[in-house]
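K.L.:
Any chance you can model this:
(one chain, ligands or ions: 1)
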Amino acid sequence: MSYEHLLVAVDLTEECDPVIKRAMKLAEPTGAKVSLVHIVEPMAMAFGGDVPMDLSQLQQQQFDQAKERMQRLFLKYPGIQHGDLHLTYGQPRQEIHQLAKEHNCDLIVVGSHGRHGLALLLGSTANDVLHGAPCDVLAVRLLKKD
Ligand code: AMP
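P.N.:
Model (predicted):
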């Protein structure tokens, strides 16, 4: 059985390249569709929800910057259609699962740093996405930088 629609979760750092490349390689022989998703986490969420200042302008800047980076990825990877780029606010796990369900994706692709020790306790997006995923999940091992 081959996959038909891969959903690649991108953090928009340079680390997303190996993750996208792996997904494209996997999709190539069967002509499977590849979609990209990035989630902008609400700043108030990152600061614990109770911030005594207006973060809306900063949040908008963050969203605009993410949009620009998504556009750059679109230009870099011609196999991806513009309509298959998804940029949304929220919590990564929840939004990735939701999108995978809505678009009938059969494989979610994420990067994984293979954390261990204390870093493992802090959790990772790859781990988080795996739990309760509506389809298969591929964790692409990212090499550590010194
Ligand atoms: P992390 O565990 O946060 O280091 O991220 C590992 C992988 O999770 C990344 O390579 C992406 O595949 C995915 N990821 C992390 N943050 C996001 C995000 N905000 N939106 C989409 N995917 C993300």
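K.L.:
which parts of the chain sit against the ligand?
P.N.:
9-11, 15, 19, 37-39, 92, 110-111, 113, 124-126 (C-beta under 6 Å from any ligand atom). Just so you know, the C-beta spots here come from the backbone N, C-alpha and C atoms, and that holds for glycine as well.
K.L.:
neighbouring strands for the longest strand belonging to the chain, and are they parallel or not?
P.N.:
Selection of the longest strand in the chain by residue count, based on DSSP state E, yields strand 33-40. Sheet pairing of strand 33-40 (DSSP bridges) gives strand 5-9 (parallel), strand 85-89 (parallel).
K.L.:
I would like the residues contacting the last one, please.
P.N.:
When you say that, I think you mean strand 85-89. Taking C-beta atoms under 8 Å, 6 or more residues apart in numbering as the criterion, the residues outside strand 85-89 that touch it are 35-42, 63, 66-67, 70-71, 73-74, 95, 99.
K.L.:
do that again at 6 Å, thanks
P.N.:
With contacts defined as C-beta atoms under 6 Å, 6 or more residues apart in numbering, strand 85-89 is touched by 36-40, 42, 66-67, 70, 74, 95, 99.
K.L.:
are any of these buried, and which?
P.N.:
36-40, 66, 70, 95, 99 (16 or more other C-beta atoms under 10 Å).
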